Every structure is written in C-alpha cells, then in structure tokens.
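# Predicted model, plus sequence, below.
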Amino acid sequence: MNDLAAAIVLGVVQGLTEFLPVSSTAHLILVSDLLKLDPERFGLSFDVALHLGTALAVLLYFARTWIDLVVGLFRGRWRMPALIVLGTAPAAIAGVLFQSAIEREMRGPLIIAAGLVVGSIVFVVAEAIARQRRLMNEVGVGDALVIGIAQAIALIPGISRSGITISAGLVRELRREDATRFAFLLATPVILGAGAKTLLDARKATALFAQPDVLAVGFALSFLSGLAAVAFMVRFLRGHSLNWFVAYRLALAALIVIAVIAGVL
C-alpha cells in the first residue's frame, strides 16, 4: 500500500473511531500492524497529527459552546471553564507521567483486546446504574474530577476516551446527552495538547512534515470523518445507550485473540 492510500485509511479510521466508543488508538495500532505500515512515517507522530484533525472537528462542532465560554469569562462566568480545566488536569498529568511508558509497553494486541473487554464491562455497568436526572449546568467539582480521571484511564489502548468518560458521567447521574457533551468538551484540550506536544518535539516535527501531501490527506479525512462521527454520537446517544457498541467491541477483542493465536498479529 502506498503512502497516500495508507493516509486515507488512517485518516478515516481515526476520524470515525475517535468519537465512537470503540478506541481510536486501538484501531490505529491494529490497522497499522495489519497493513505493515512503516512506523517511521505512520507511527506515533502521525497518530497525533491525525488527532489534530479530529480536534478541529470537535472544536468546530462545539464552536458556539466554546465561544460562549470565552465570552462568559470576560463577564465573570468562570464556573464551567474552571470545571473543564479541572476535568482536563488528570489526563494531562497522566499523559506527562505515563504516556511514554504506555506507548512503549501497552500497544500489544492482547492488551488492546483486554482494554476492549474491560471498557465494555464499564459501559454495561454504567448504563445499568444510570439515573440520568442531572443536567450539564449541574456539573460540579466532583463530577469533573471523576470524568477527568476516567479520561486519564483512557490512555490505555482499547478503553475508549469517549466511552469511559460518558460512562463516568452516567455514573454521576448526568443525562446521557449532557454526559456526552461534557466528555467531548474535556477531550478537546487533551487532543490539542497531545498534538502540540508532538509539534514542539523537533525530531518528530521533522518526520511529520517530510511528506506534507500525505499528512494533508490524513488530516483532512480525519477532520471530515471526525466531524461526522461527533455529530452522529451527540444525536445517537440522545435515545440510545452505549451498550449498542459492546457487541462490536467484544467481537473485535475475540478477533484479535484469534489473530494472535494464528500468528497474524
């Protein structure tokens, strides 16, 4: 597979799976391994570049919300921005402390399979106990911390950032729609921060821009497919549960284990 074709595949995979509760990291790792892509061109740096496309997608989708938050700061309405900062902190701290180790040690297919199973159990439990009686404007410090810690746990491949943060919101009795919106707002700074960290790394930045046409294709497709995915999720979860994604996650975990046994992965 040539580099442009690989960029198309990875861009679409990243965009669709970043906001669907199926783990974008797991899918990018698996697709890269199955296609035998060169890690020098399509490794972690390219993963983060694609994340910038999905970050732009979620920024655009929630543009009105972000504008209202910024305007509100100048009018003394700091509560929700402060909660977003608080909720973002656990993932930011965990990323600084543990991301390098996770990238080295926890990208194996069996770890991904385990993450898919564990995440699925979390979804089912969260949906079973969800009371959905609180609105987003009722989110407090405890809610932001719990959802933020869930986002930090999602550094483990297979868990799914969107899935576990929405689940955490459900456990905190938020309506599913409001848990989804708050989870996506928390995800935006983390995705942007991961991209910025890579771009500030001179060695990785050089590799990243070695093929600007390939990068542009991947970025554009991750943005377009990410925009479609976040719009779908916000609408879908108004009337459907996270359990709709459990069968796919468990089937994928089973396929991964079979592929490992067969020597494909």
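Cool, got the structure.

# Provide the secondary structure category for Gly11.
helix (DSSP: H, G, I helix; E, B strand; the rest coil).

# tell me the pLDDT at it?
Here, the pLDDT recorded for Gly11 equals 95.

# How many residues are close by the residue lying closest to it once chain neighbours are set aside?
Counting by Cβ to Cβ, 6 or more residues apart in numbering, Gly11 lies nearest to Leu221, which is 3.0 Å off, once chain neighbours are set aside. Using the backbone N, CA and C atoms, a C-beta is placed for each residue, glycine as well. For Leu221, the count of nearby residues is 22 (other Cβ atoms under 10 Å).

# In contact with Leu221, which residues are there?
7-8, 11-12, 15, 53 (Cβ atoms under 8 Å, 6 or more residues apart in numbering).

# What of Trp66?
Listed by Cβ under 8 Å, 6+ apart, the contact partners of Trp66 are 59, 188.

# which stretch of helix or strand covers Leu224?
Using DSSP states H and E, Leu224 sits within helix 212-236.

# And the pLDDT for Leu28?
pLDDT at Leu28 comes out at 86.

# Could you list the residues in contact with the helix or strand harbouring it?
Using DSSP H and E, Leu28 sits within helix 24-34. For helix 24-34, contacts defined as Cβ under 8 Å, 6+ apart pick out 9-10, 13-14, 17-18, 37, 39, 42-43, 47, 50, 54, 107, 109, 112, 115-116, 157-158, 160-161, 252, 256, 264-265.

# Let's see that with 7 Å instead.
9-10, 13-14, 17-18, 42, 47, 107, 112, 115-116, 157-158, 265 (Cβ atoms under 7 Å, 6 or more residues apart in numbering).

# re earlier: separation between the residue nearest to Gly11 and Ile84?
Leu221 sits 28 Å away from Ile84, going by Cβ to Cβ, to the nearest Å.

# Repeat that for Leu69.
From Leu69 to Ile84 the distance is 8 Å (Cβ to Cβ).

# ok, the residue nearest to Gly11 to Glu18 distance?
Applying Cβ to Cβ to Leu221 and Glu18 gives a distance of 12 Å.

# so Ala6 is in which element?
helix 3-19.

# who does that helix touch, helix- and strand-wise?
Judged by 3 or more Cβ pairs under 7 Å, 6 or more residues apart in numbering; DSSP states H and E, the packing partners of helix 3-19 are helix 24-34, helix 39-42, helix 44-61, helix 212-236.

# Export only the CA atoms of the helix or strand following the longest one, formatted as PDB.
When you say that, I think you mean helix 212-236. As assigned by DSSP H and E, the chain's next helix or strand after helix 212-236 is helix 246-262. Only the C-alpha atoms of helix 246-262 are listed here, as PDB (Å, rounded to 0.1, in the frame of the first residue of the first chain):
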ATOM      1  CA  VAL A 246     -20.500  -3.500  23.200                       C
ATOM      2  CA  ALA A 247     -21.100  -6.300  20.700                       C
ATOM      3  CA  TYR A 248     -18.700  -4.800  18.200                       C
ATOM      4  CA  ARG A 249     -16.000  -4.300  20.900                       C
ATOM      5  CA  LEU A 250     -16.300  -7.800  22.200                       C
ATOM      6  CA  ALA A 251     -16.300  -9.300  18.600                       C
ATOM      7  CA  LEU A 252     -13.200  -7.200  17.800                       C
ATOM      8  CA  ALA A 253     -11.500  -8.400  21.000                       C
ATOM      9  CA  ALA A 254     -12.200 -12.000  20.100                       C
ATOM     10  CA  LEU A 255     -10.900 -11.500  16.500                       C
ATOM     11  CA  ILE A 256      -7.700 -10.000  18.000                       C
ATOM     12  CA  VAL A 257      -7.100 -13.000  20.200                       C
ATOM     13  CA  ILE A 258      -7.800 -15.400  17.300                       C
ATOM     14  CA  ALA A 259      -5.400 -13.400  15.100                       C
ATOM     15  CA  VAL A 260      -2.700 -13.600  17.800                       C
ATOM     16  CA  ILE A 261      -3.100 -17.300  18.100                       C
ATOM     17  CA  ALA A 262      -3.000 -17.700  14.300                       C
END
